[in-house]
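Participant: A structural model of the following input is requested.
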Amino acid sequence: MISTVPRAVEHGGTVVGAVVLLVFGLTQGREIQRITVDFLVVTVQVIFLEALSAMAVFTCFVAITGLLLAREVWSSRDAIESVIDGPRLTAIVPVYRDHVVMAESVESLCESAYENLEIVVVAEPNDGPTLDRARELAAERDRVTCLVNGEPGSKAGAINYAVRERDAEYIAVFDADERITPEFLPRAMGALLDGTDVFQGRRIPRPTGPVETVAYCERVVFHASYKLVELFDFTNCRSSSTVLTREAFERVGGYDDMLTEDLDFAHACYREGLTVRQARQCTNTMEAPHTLADLWGQRKRWRVGQIEVLHATVGDLLRGEIDRRGLVSIGRMCSSLFGSLFTLALTSKLLLLLVLDVESAFLLPFTALVATIGLVAWRDTRDGRIDGLSWTVVLAPLLYPAFGILTLKSLLEYGLSWDGAWYRVEKTGS
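Facilitator: Below is the predicted model of the structure:
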């Protein structure tokens, strides 16, 4: 049982830290900046608040990354060759307490257009309902096999065990609640057979209600932010909607048993110099959290996991096991964390401008953000991935200060009270 003292310090530290960042942003935002331009007969000096320039930079960031994301989502899938029949491909679905939802991934994979496919469901030995359901699906479908995890206790262990038990040279990994489109695996295999080490599709929450729409918008915001680091040759790859070669899997040593094994895997692939093809026009869906508590708990778990990966990577640096790509990997994680904290300072700058009746400081980034979400959702609706969005899409700007508070709390929790446990979202099959 975790002591109440670290918890109290953690909660108090989150409040104090948020206030400090807001005050810092307000103080910095009130600073006067000057730009002087000399012409032949006259000198023009423009005077403005630092808050105005900060919001201008932020607006440009939202607009540019949003356009890059929309461009990728709307790009043609025909740019990736589709291979219907080829080498044996093993699709791995690790499951734990997923008996209600696991048919989503298994049945959609059974409808895949890729012919030489086997589907391996890896269940935990102590999870009777899920194990029974996995065996039922295996009995009903020729493509499906049920394995009992020989490394019980983690998703990483389940994936690694399945890879060792099968001999396929090509591996795909999916979550139990994913709904995979029939053309996804043929596109992925086309990319791998063309020389790519890892193929990463896009996975989005199904926005079936107000909270689920917020989860969808949050993914759009994050996918857009990824576009910036991808300009510097860092591509995220995960442990869902992911297809890779066995050689790539073995080069990075598989998945490590961590809170966010997928983020750790992405950085391991980058440090190893693997070729990762990101294809966000190839989209699968997953079940979204249905309550704000689940949404917060899941995102905090991911953030704490990122800090855990950063901690481990810094340890490798101190032991002299990190090269130039490793330093970039650390920089990528630090920029994500500090960027989120910066949004709290940015929030107070925005409030300052609103008090001064500079409404455009809010309207411009709000318009850019909602336009990005609208363009992406339009494509997803047109493709039949989603049925539309709830009114809560207008709350999307609140995601930025929420990221800051979430990051601050995750840093304190990791340092003070985290005991290795992880938050599990309730899945209902909707």
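Participant: And the strands in the stretch 201-350 of the chain?
Facilitator: 242-245, 276-286 (DSSP state E, counting those that start in this stretch).
Participant: Tell me which of the ones you listed is the most buried.
Facilitator: strand 242-245 (a mean of 24; mean count of other Cβ atoms under 10 Å). All C-beta spots, glycine's among them, are computed from the backbone N, C-alpha and C.
Participant: sorry, back to before: a markdown table for the strands of the stretch 201-350 of the chain, including mean pLDDT?
Facilitator: Formatted as a markdown table, those follow (pLDDT from 0 to 100):
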| stretch | mean pLDDT |
| --- | --- |
| strand 242-245 | 97 |
| strand 276-286 | 95 |
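Participant: longest single helix anywhere in this protein?
Facilitator: helix 324-355 (DSSP state H).
Participant: what mean pLDDT does the helix or strand following that one have?
Facilitator: For helix 324-355, the following helix or strand on the C-terminal side (DSSP states H and E) is helix 360-382. What helix 360-382 shows for mean pLDDT is 96.
Participant: what helices or strands is helix 360-382 leaning on?
Facilitator: helix 50-74, helix 210-230, helix 324-355 (3 or more Cβ pairs under 8 Å, 6 or more residues apart in numbering; DSSP states H and E).
Participant: Give the other helices and strands that the helix or strand bottoming out on mean pLDDT in the chain contacts.
Facilitator: The weakest-scoring helix or strand in the chain, judged by mean pLDDT, DSSP states H and E, is strand 43-49 (a mean of 79). Here strand 43-49 touches strand 32-38, going by 3+ Cβ pairs under 8 Å, 6+ apart.
Participant: what's in contact with the strand it packs on?
Facilitator: Residues from elsewhere that reach strand 32-38, judged by Cβ atoms under 8 Å, 6 or more residues apart in numbering: 43-50, 53.
Participant: re earlier: quick one: which of the helices and strands packed on helix 360-382 is nearest Glu165?
Facilitator: helix 324-355 (30.4 Å; Cβ to Cβ).
Participant: Please point out which parts of the closest one sit buried.
Facilitator: 326, 328-330, 332-333, 336-337, 339-353 (16 or more other Cβ atoms under 10 Å).
Participant: go on, stretch 187-195?
Facilitator: 187-192.
Participant: How about residues contacting that stretch?
Facilitator: Here stretch 187-195 makes contact (Cβ under 8 Å, 6+ apart) with 77, 80-83, 86-87, 89, 114, 170, 172, 199, 201, 243-245, 275, 277, 279, 282.
Participant: and if we set it to 6 Å?
Facilitator: 80-83, 86, 199, 243, 245, 277, 282 (Cβ atoms under 6 Å, 6 or more residues apart in numbering).
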